[in-house]
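Student: no sequence on hand, only this structure:
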Ligand SMILES: [Zn+2]
């Protein structure tokens, strides 16, 4: 689509969504009223920057004050079709009330985007992720169903389920896989332990969300060579469902921003002002189609780089060439250096002979921070090479501990591989 025409469409949808929220949401009337903006503020897309940013904390506080769904519920409670939410492991959970017509639009958006990376009605989609409050599996299910593919909602997380999945996969022969990158690598390991070649499982396309791995070049390459499939990175935030409005096409040049479904601004990480043109920053998302709980300028905590360079697929949507490669709150400051865990992951994935699991431990045993990289290999002598590679990548000498293969905890869902023990250490 011509980008100029698309901007006109986005502006029209945005004005309609802002007017809708102004009419129905106490949350936005309060927020915008105090900032002196409203439906008449929007003459161009650039005017959106005058609207205040919304934080996840503000949504959580609002739901605590107006339980259960907050003062931003814009639909009639009788229209709510599904309740989802965050896991609540880091505080009060946040609930998502999704209306029936929103669910249909979510299915349509995901179907359209899944088509862009090659899924077709002839495919069978194996959904190997939790069917719980977590939105990812349900969105993938809705998208695959709307597209007309066959769905195989296998799930994850039950003891022994991965081992049994190999028998199911041999029987059903799905062509598309959905889950987290960690889980795919775990599945490959289980298959190999049984003497099976993961390439024989027959996946053509593997798409991922919930973790950054599918956008990390070495992890992507490892998944593609292990399974002989195309590895597709997708995802934004559960609050922003349809979360797949960030998604790679089948050219795999980084995630496109499907801006006519969720309009995405990239803001400077310090000033929080939108950057002009291409560059690094933090995504700010705005729903253009959601009616139940529209998010307008929701600030993520993610770090990315955006480009308007053309993609060989011909789509004119901007792209995030390296995906979402960090979270602002993920960055570790170790001995004064800024260290992003994804950079170390990329280094480990390109080191021959290492297993898929790893862990980063940061401590302060004395005056200085100590970074320990724990990895798996049958060759303990690989430690020096790992330390050299990590030093070249992040500028720090790390202590490297090599464990025998299969002894680090395995990851089936969202990997938690960073253990920063400094924050909890006694200040004495
Ligand atoms: Zn493309």
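Tutor: That came in fine, so what should we check first? Just so you know, these numbers come straight off a predicted model, no measurement behind them.

Student: and for residue 197, the neighbour number?
Tutor: 12 (other C-beta atoms under 10 Å). Glycine gets a C-beta too; all of them are placed from N, C-alpha and C.

Student: typo on my end, residue 107
Tutor: The burial count for residue 107: 20, using other C-beta under 10 Å.

Student: again with the one 10 residues further on
Tutor: Residue 117 sits with 23 neighbouring residues when counted by other C-beta under 10 Å.

Student: tell me the residues of the chain that contact the ion?
Tutor: 249, 251, 311, 313, 315 (C-beta under 5 Å from the ion).

Student: which of those residues count as buried?
Tutor: The neighbour-count criterion (16 or more other C-beta atoms under 10 Å) marks 249, 251, 311, 313 among these as buried.

Student: got JSON lines for those, with secondary structure and pLDDT too?
Tutor: JSON lines is the format used below for these (DSSP: H, G, I helix; E, B strand; the rest coil; pLDDT from 0 to 100):
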{"residue": "249", "secondary structure": "coil", "pLDDT": "98"}
{"residue": "251", "secondary structure": "coil", "pLDDT": "97"}
{"residue": "311", "secondary structure": "coil", "pLDDT": "97"}
{"residue": "313", "secondary structure": "coil", "pLDDT": "97"}
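
Student: check those and tell me the two furthest apart.
Tutor: 249 and 311 (6.6 Å; C-beta to C-beta).

Student: can you tell me the SS state at residue 33?
Tutor: helix (DSSP: H, G, I helix; E, B strand; the rest coil).

Student: how about stretch 14-32: buried residues?
Tutor: Of the residues in stretch 14-32, those buried (16+ other C-beta under 10 Å) are 14-15, 17-18, 20-22, 24-25, 27-28, 31-32.

Student: can you tell me which of those lies closest to residue 255?
Tutor: Distances from residue 255 to the buried residues of stretch 14-32, taken by C-beta to C-beta, are shortest for residue 14, at 21.3 Å.

Student: could I get the full set of strands for the stretch 251-400 of the chain?
Tutor: Ranges of strands in the stretch 251-400 of the chain, per DSSP state E, counting those that start in this stretch, are 255-257, 262-267, 279-287, 296-299, 302-306, 319-320, 324-327, 332-334, 337-339, 358-363, 370-376, 399-403.

Student: what angle separates the last one from strand 370-376?
Tutor: Read that as strand 399-403. Orientation check (axes from the mean of the first three to the mean of the last three C-alpha atoms, to 10 degrees): strand 399-403 against strand 370-376 gives 20 degrees.

Student: same question for the second one.
Tutor: An angle of 140 degrees separates the directions of strand 262-267 and strand 370-376 when computed by the same axes, to 10 degrees.

Student: next, give phi and psi for whatever residue of the stretch 151-300 of the chain ends up closest to the ion.
Tutor: Relative to the ion, the nearest point of the stretch 151-300 of the chain is residue 249 (3.4 Å; C-beta to the ion). When quoted as degrees, to the nearest 10, the phi and psi of residue 249 stand at phi -90, psi -180.
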